[in-house]
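1. prediction below, plus the sequence it came from.
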Amino acid sequence: MTIVLRAEDISKRFGGLQALANVSFAVEEGQILGLIGPNGAGKTTLFNVLNAVYRPDGGRIVYRDRDIRGLRPYDVARLGIARTHQIVRPLNELTVRENVMVGACFGRRELGLVDAAAAADATLELVGLDARSDQLAATLNVAQKKRLELARALAADPDLLLLDEVLAGLNPAEIGAMLDMIRLVRDRGVTIVIIEHVMHALMNVSDRVVALDYGRLIAEGAPAEVAADAAVIEAYLGDPKLAAGLVRAHD
Amino acid sequence: MIRGAALEVARWLRNPGLWPPLILVAALGAIPAATGSATLREGIFLLLMYVALASSLNIFLGYTGYVSFGHIVFFGLGGYVGFYALTVLGWPLALAAIAGGVAAGLLALAIGASVLRLRGAYFALATLGINEAMRAFVSNFGPFGGPTGMSLDFSIYRSFGGPTEALWLAYFSMLALTIVAVLMSSAVKGSRFGLGLFSIREDEDAALVMGVRAPSAKTIALVLSAVIPGVIGVLFFFKNGNIEPPDAFKLQTSIEIIVMVMLGGFGTVLGPVVGAAGYERLRSFLLTSDPFKSLQLTIAGVVLLLIILFIPNGVIGWLRARVPRLRGTLQ
């Protein structure tokens, strides 16, 4: 069992707000790790620390036995960590294909333009945006922009993929399709960390779940264990019956 | 790697968008040569100069989205360094021109490594300051002649076969430079590096996360957009015969080049060519017609306002949006 990423005692403070406090966890190769917690718990901040957008105030991040603290986001991207953004960030005045080509050109594979165009087309087909490749990214709707985020990250051929709420705003059918896609990506050997509020979907797709509250890690384990955890119910799920339902649905 | 590079060069040459700006520049450049007219030569020299300046600025402004108000500093510094090399050091014109380009490139490198960390309006303001600081420095710098600048000893033209021959030489050098500027603009736009620049223009933070080395990419773009203006400065002041701080670091010209890029269509290869040619023709007309003579800058301001209000993507951007069939050729 190989550990892809290990976070050790990560802390991050914004002025008077302790966004992350001594968070430690590890992600195993080929796993899908779910990250849950109420709004403001520090989930996206944790992603921003993991891919070097923010520099942590304390702690270590070890990616494939290498301490990646102090690297810049583009270094981390080229090492093989790709991410999507919760609030989509399309490159509006570029076409959908060009958006994905940026991922292919500057991600882990560092392809030339010709190969990147081919990789982009293949990725767009995978996420179902191939009919829109020549449109400007600005013209996509939100669900399509979410898929574009995913396509850009996938085109980089990542080893570790950080997904920040890719299911938000999707209808049940789209959620089902997205979950299938996430599993497909995992089956190709990509390790995934996923932030999600759509609980039944997250419980369904994750191998392990980590729960954050006020920047602290409050629970960690199999999805059913975390859903039944008293601290998680208190901080996040709220309703013990909902939690029980989640556990049952998962079994 | 080599196969990839060869493929990209082949793709670039097949790109139909490369040809309209090249043909336009070549056609303009051929007029004085065909007619032998000195008046046309002087007019088109200026026109080509603005085409080259606008195309160079576009590599930075149009592709990365960073506004440089003080881009003329590269023209001025290049001009001064080249002029110094010509008059004081006695270098041949070609070497002096290269020195001007290198000086401009080095200044761009220094700006890229320091000031280019600033974003948006902060960077734009800083570029204004750099131009003013350079003007103040040169005005007090003894070797460059201080506030009175330097003059060329006209006997220098004798080595080119006489003043007329020297002016023609400057003209054809300007034409060649303009073609290089257009080729460079097109090559950058069609490259992987160019795609990285465009991603910075659209969303620099997203670009960083996708692996674009934004700090070095922006610096390289600034250097590429500074070198040709530096060489142009040498040619311009060689032809002019003297150089003074207010002529070399003229803020007004800096702003006018931005208007040209915006008028034609920023981020396109053809746009700055069309914008510079159009604006320069308009200005020559205004300057030579009595009722408008002193209103030329006012009209330039109104033109800029109208562009930003009604065709923010410039003439070429507007045409591309209206006539999708032309998108292949108008790039």
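-> It's in. Residues are numbered from 1 along each chain as shown, chains lettered A, B, ... in the order given.

2. from the contact counts, what lies against the helix or strand that residue A:117 is a member of?
-> Assigned by DSSP states H and E, residue A:117 belongs to helix A:113-127. Of the remaining helices and strands, those touching helix A:113-127 by 3 or more C-beta pairs under 8 Å, 6 or more residues apart in numbering or on different chains; DSSP states H and E are helix A:96-106, helix A:142-155, helix A:172-187, helix B:2-14, helix B:192-202. C-betas here are computed from N, CA, C, even on glycine.

3. tabulate those helices (TSV), appending distance to residue A:129, mean pLDDT and mean neighbour count.
-> TSV is the format used below for those (distance: least, C-beta to C-beta, whole Å; pLDDT from 0 to 100; neighbours: other C-beta atoms under 10 Å in any protein chain shown):
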stretch	distance to residue A:129	mean pLDDT	mean neighbour count
helix A:96-106	6	96	28
helix A:142-155	6	92	24
helix A:172-187	12	90	15
helix B:2-14	23	75	12
helix B:192-202	18	96	23
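
4. residue B:157: which of these is closest?
-> The closest of the helices and strands packed on helix A:113-127 to residue B:157 is helix B:2-14. By C-beta to C-beta, the value is 38.8 Å.

5. name the helices or strands packed onto that closest one?
-> Packing partners of helix B:2-14 (3+ C-beta pairs under 8 Å, 6+ apart): helix A:113-127.

6. and with 6 Å instead?
-> In this structure, helix B:2-14 makes packing contacts with no helix or strand, judged by 3 or more C-beta pairs under 6 Å, 6 or more residues apart in numbering or on different chains; DSSP states H and E.

7. got the contact list for that helix?
-> The contact list for helix B:2-14 (C-beta atoms under 6 Å, 6 or more residues apart in numbering or on different chains) reads A:112-114, B:190.

8. only the buried subset of these, as a PyMOL command please.
-> Selecting only the buried entries of these in PyMOL, with 16 or more other C-beta atoms under 10 Å in any protein chain shown as the criterion:
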select buried, (chain A and resi 112+113) or (chain B and resi 190)
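
9. and which of the contacts of helix B:2-14 is nearest residue B:279?
-> Nearest to residue B:279 among the contacts of helix B:2-14: residue B:190, at 25.6 Å, using C-beta to C-beta.

10. surely residue A:6 is in contact with residue A:27?
-> No - taking contacts as C-beta atoms under 6 Å, residue A:6 lies outside contact range of residue A:27: 7.7 Å.

11. returning to that earlier point: let me have the contacts of helix B:2-14 in TSV, extended by distance to residue B:69.
-> Formatted as TSV, those follow (distance: C-beta to C-beta, whole Å):
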residue	distance to residue B:69
A:112	35
A:113	32
A:114	37
B:190	28
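
12. which one of the contacts of helix B:2-14 is nearest residue B:311?
-> residue B:190 (24.3 Å).

13. now do the contacts for that closest one.
-> Applying C-beta under 6 Å, 6+ apart, the residues near residue B:190 are B:12, B:15.

14. so where's the stretch 151-251 of chain A uncertain?
-> Residues of the stretch 151-251 of chain A meeting the criterion pLDDT under 70: A:240, A:242-244, A:247-251.

15. torsion angles phi and psi at residue A:58?
-> Main-chain dihedrals, residue A:58, degrees, to the nearest 10: phi -160, psi 160.

16. what residues are up against it?
-> Residue A:58 makes contact with residue A:11, according to C-beta under 6 Å, 6+ apart.

17. quick one, grab the pLDDT at it.
-> On pLDDT, residue A:58 comes in at 92.

18. close to chain A: what parts of chain B are there?
-> Residues of chain B lying close to chain A by C-beta under 6 Å from any C-beta of the partner chain are B:4, B:7-8, B:192, B:195, B:198-199, B:202-203, B:206, B:208-213.

19. hang on, the earlier thing: same list, the contacts of helix B:2-14, but as CSV with pLDDT please.
-> What follows is these, written out as CSV (pLDDT from 0 to 100):
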residue, pLDDT
A:112, 91
A:113, 91
A:114, 90
B:190, 91
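
20. any idea which of the contacts of helix B:2-14 is closest to residue B:250?
-> Nearest to residue B:250 among these, with distances taken as C-beta to C-beta, is residue B:190, at 32.6 Å.

21. residue B:317 versus the closest one, what's the distance?
-> 18 Å (C-beta to C-beta, to the nearest Å).

22. now swap in residue A:116 and tell me
-> 25 Å.

23. find the nearest non-adjacent residue to residue A:165, please.
-> Spatial nearest neighbour of residue A:165, excluding adjacent residues (C-beta to C-beta, 6 or more residues apart in numbering or on different chains): residue A:86 at 4.5 Å.

24. and the one you found, that one's in a helix?
-> No - counting by DSSP: H, G, I helix; E, B strand; the rest coil, residue A:86 is located in no helix; its state is coil.

25. got the buried residues for stretch B:256-266?
-> Buried residues in stretch B:256-266 (16+ other C-beta under 10 Å): B:256-266.

26. counting only helices, which of those make the cut?
-> Taking DSSP state H as the definition of helices, the buried residues of stretch B:256-266 contribute B:256-264.

27. enumerate every residue touching the most centrally placed residue in chain B.
-> Closest residue to the average C-alpha location of chain B: residue B:53 at 1.6 Å, with C-alpha atoms, centre = their mean. Neighbouring residues of residue B:53 by C-beta under 6 Å, 6+ apart: B:229, B:257.

28. quick check: residue B:224 vs residue B:59, distance?
-> Residue B:224 sits at a distance of 5 Å from residue B:59 (criterion: C-beta to C-beta).

29. joint contacts of these two?
-> Here residue B:224 and residue B:59 have no joint contacts, going by C-beta under 6 Å, 6+ apart.

30. these two: who's more crowded?
-> Using other C-beta atoms under 10 Å in any protein chain shown, the more surrounded residue of residue B:224 and residue B:59 is residue B:59, with 28 against 22.

31. what sits against that one?
-> Taking C-beta under 6 Å, 6+ apart, we find residue B:59 in contact with B:185, B:188, B:221, B:224-225.

32. leaving out sequence neighbours, find the closest residue to it.
-> With sequence-adjacent residues excluded and distances taken as C-beta to C-beta, 6+ apart, residue B:59 is closest to residue B:225, at 4.2 Å.

33. so how many other residues sit close to that neighbour?
-> That count, for residue B:225 with other C-beta under 10 Å as the rule, works out to 31.

34. now residue B:29
-> The local packing of residue B:29 (other C-beta under 10 Å) involves 22 other residues.

35. for chain B, what are the nearby residues on the stretch 101-250 of chain A?
-> Neighbours of chain B within the stretch 101-250 of chain A, by C-beta under 6 Å from any C-beta: A:102-103, A:105-107, A:112-114.

36. among those, which one lies nearest to residue A:23?
-> Taking C-beta to C-beta as the measure, residue A:23 lies nearest residue A:107 of these, at 26.2 Å.

37. just list the residues touching the nearest residue to that closest one once chain neighbours are set aside, thanks.
-> Counting by C-beta to C-beta, 6+ apart, residue A:107 lies nearest to residue A:156, which is 2.2 Å off, once chain neighbours are set aside. Contact analysis of residue A:156 by C-beta under 6 Å, 6+ apart lists A:82, A:103, A:107-108.

38. and for residue B:264?
-> Counting by C-beta under 6 Å, 6+ apart, residue B:264 has contacts B:271-272, B:274-275, B:314-316.
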